[in-house]
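Peer 1: what's the 3D shape of this:
(chains A and B)
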Amino acid sequence: GAGVSQTPSNKVTEKGKYVELRCDPISGHTALYWYRQSLGQGPEFLIYFQGTGAADDSGLPNDRFFAVRPEGSVSTLKIQRTERGDSAVYLCASSLIGTGTDTQYFGPGTRLTVL
Amino acid sequence: KQEVTQIPAALSVPEGENLVLNCSFTDSAIYNLQWFRQDPGKGLTSLLLIQSSQREQTSGRLNASLDKSSGRSTLYIAASQPGDSATYLCAVEDGNMLTFGGGTRLMVKP
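Peer 2: Numbering: from 1, shown residues only, chains lettered A, B, ... in the order given. All right, here's what the predicted structure looks like:
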């Protein structure tokens, strides 16, 4: 597609529920990234995929968070047993190669609210 | 652990002024530095990317400089316009991720 797309744009859930957030990267981009942005702060890194594999998941806050990219394109971020502190905007980005020399292009984000 | 700081946190200027946004980082072992713009409720738009071997990049009224040894970058905006009002974020790439500063919220008044 023309840019990175994310669905849903907004998600409201109750504490303890399971949620899935989807990211469609730019066609042909091998690298995909997830970030989380809390209100008034810069985004924080969660996980980086190179192709189908998670090359770096050091930013995932705990084992309630998991992400997959089974075919090397679309990625899903999964959050189990959601907590109010998980409320944030979840941003996805993709880049062509992911070597650290190319630009990351960001999607519009999914705003998650946990009640 | 890399830390990125942006000063000032907020800035309000009259239209037409030239202005400078500052970014500092603690670990100089970076691949590149990027400046992004974020409008309220929107994603990030990349403005400029400076590779670690470069000193500056220019795009229109924007000029970004990088001094890797001192861990500093500046974003210069010439002849500011109300449409420039947004949050500006700098981020350093140090391998597999971008580390962001907290941003500078810019308001340009007509």
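
Peer 1: And the residue in chain B sticking out farthest from the centre, what's its pLDDT?
Peer 2: In chain B, B:Pro110 marks the outermost C-alpha relative to the chain mean, sitting 22.5 Å out by Cα atoms, centre = their mean. The model reports B:Pro110 with a pLDDT of 95.

Peer 1: quick one, what contacts A:Phe65?
Peer 2: By Cβ atoms under 8 Å, 6 or more residues apart in numbering or on different chains, the contact list for A:Phe65 reads A:46, A:77-80. Heads up, the C-betas are built off the backbone N, CA and C, glycines and all.

Peer 1: go with 10 Å
Peer 2: A:34, A:36, A:46-47, A:57, A:59, A:77-80, A:86 (Cβ atoms under 10 Å, 6 or more residues apart in numbering or on different chains).

Peer 1: same question, B:Met107
Peer 2: Contacts of B:Met107 (Cβ under 10 Å, 6+ apart): B:10-13, B:80, B:82, B:84-86.

Peer 1: Can you name the two of those that sit furthest apart?
Peer 2: B:Ala10 and B:Pro82 (16.1 Å; Cβ to Cβ).

Peer 1: From A:Gly59, how far out is the residue most central in space within chain A?
Peer 2: Nearest to the geometric centre of chain A sits A:Trp34, at 3.2 Å (Cα atoms, centre = their mean). Separation of A:Trp34 from A:Gly59 (Cβ to Cβ, to the nearest Å): 8 Å.

Peer 1: intersection of neighbour lists for those two?
Peer 2: With Cβ under 10 Å, 6+ apart as the test, A:Trp34 and A:Gly59 both reach A:45-48, A:65.

Peer 1: helix or strand for the closest residue to B:Ser46 other than its chain neighbours, which one?
Peer 2: Distances taken as Cβ to Cβ, 6 or more residues apart in numbering or on different chains place A:Thr103 nearest to B:Ser46, at 5.2 Å, with adjacent residues excluded. Using DSSP states H and E, A:Thr103 sits within no helix or strand.

Peer 1: Most neighbours among the contacts of A:Phe65, please name it.
Peer 2: The most crowded member of the contacts of A:Phe65, judged by other Cβ atoms under 10 Å in any protein chain shown, is A:Trp34 (25 neighbours).

Peer 1: need the contact list for it.
Peer 2: By Cβ under 10 Å, 6+ apart, the neighbours of A:Trp34 are A:21, A:23, A:43, A:45-49, A:57, A:59-60, A:65, A:67, A:69, A:75-77, A:90-93.

Peer 1: Give me the buried subset of these.
Peer 2: A:21, A:23, A:43, A:45-49, A:57, A:59-60, A:65, A:67, A:69, A:75, A:77, A:90-93 (16 or more other Cβ atoms under 10 Å in any protein chain shown).

Peer 1: Show me the residues you listed that map onto strands.
Peer 2: Among the buried ones among the contacts of A:Trp34, the ones falling in strands (DSSP state E) are A:21, A:23, A:45-49, A:65, A:67, A:75, A:77, A:90-93.
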